[in-house]
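> what follows is a predicted structure for the sequence shown.
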Amino acid sequence: AQSVTQLGSHVSVSEGALVLLRCNYSSSVPPYLFWYVQYPNQGLQLLLKYTTGATLVKGINGFEAEFKKSETSFHLTKPSAHMSDAAEYFCAVSDRGTGGFKTIFGAGTRLFVKA
Amino acid sequence: GAVVSQHPSWVICKSGTSVKIECRSLDFQATTMFWYRQFPKQSLMLMATSNEGSKATYEQGVEKDKFLINHASLTLSTLTVTSAHPEDSSFYICSARHDELGTYEQYFGPGTRLTVT
């Protein structure tokens, strides 16, 4: 069964600084990997996804992530944080397990951005 | 495209009553829909996978008699919380998979906040 580990339940950065949110996964088959953002009392918004092909994927709002199979990682980065980036971020993995494809989420990382 | 809606967006009910939450894929047919619950400041926990025309597959530890799932059509799945109790208060999120795209990406609804008093 697949699983996702997000290192750090809280990350705090200054506005303009680099954002790095860590995600490691386990999967017995090539996975699909996702990053979602959730603002308070709202649903999930897809930031970016990796399915096949180029391992560096770019998403919305200046975010990008790199799939590293050897490290089983899919860390999310953004060169310069903005106040509006403050939110909860979830890494997710989807692969074909018993019963078909389903998506499992990490515990989430809350990003704080300081002025 | 690929929009998923949920209704209602929030609901308050009394302990012991049942509540139905609807999940609709608005512009695509979803063979598979998923139901998640999220407690405050926690991650999403998969409750069940719903396939159109067949019984839902529940995750370990989820009571299928308490959380009734019906996937009557390719655009509608419902979650009924039966005999609700305060501990069932949570944020319930559905998602639908657009299989025709072949990406197996799930599209998420905006969520339904259930409060049981």
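Looks like it came in fine. Numbers count the residues shown, from 1 in each chain, chains lettered A, B, ... in the order given.
> around chain B, which positions in chain A sit nearby?
Residues of chain A lying near chain B by C-beta under 8 Å from any C-beta of the partner chain: A:32, A:34, A:36, A:41-44, A:46, A:49, A:51, A:90, A:94, A:99-108. Using the backbone N, CA and C atoms, a C-beta is placed for each residue, glycine as well.
> show me which of the residues you listed are buried.
Among those, those classed as buried by 16 or more other C-beta atoms under 10 Å in any protein chain shown are A:32, A:34, A:36, A:43-44, A:46, A:49, A:51, A:90, A:94, A:101-106, A:108.
> tell me who's in contact with A:Ala115.
A:14-15, A:83 (C-beta atoms under 8 Å, 6 or more residues apart in numbering or on different chains).
> what pLDDT is listed against it?
pLDDT recorded at A:Ala115 is 93.
> and for B:Phe39?
87.
> now do it: how many residues are near it, please.
12 (other C-beta atoms under 10 Å in any protein chain shown).
> what's near enough to touch it?
B:90-91.
> look up how far B:His71 lies from it.
Distance check for B:Phe39 against B:His71: by C-beta to C-beta, to the nearest Å, it reads 25 Å.
> again with B:Phe91
Counting by C-beta to C-beta - B:Phe91 and B:His71 are separated by 21 Å.
> write out the residues of chain B neighbouring chain A.
When proximity is defined by C-beta under 8 Å from any C-beta, chain B lies next to chain A at B:32, B:34, B:36, B:42-46, B:49, B:57, B:93, B:95, B:97, B:103-106, B:108-111, B:113.
> now do stretch A:51-66, average pLDDT.
Throughout stretch A:51-66, pLDDT has a mean value of 93.
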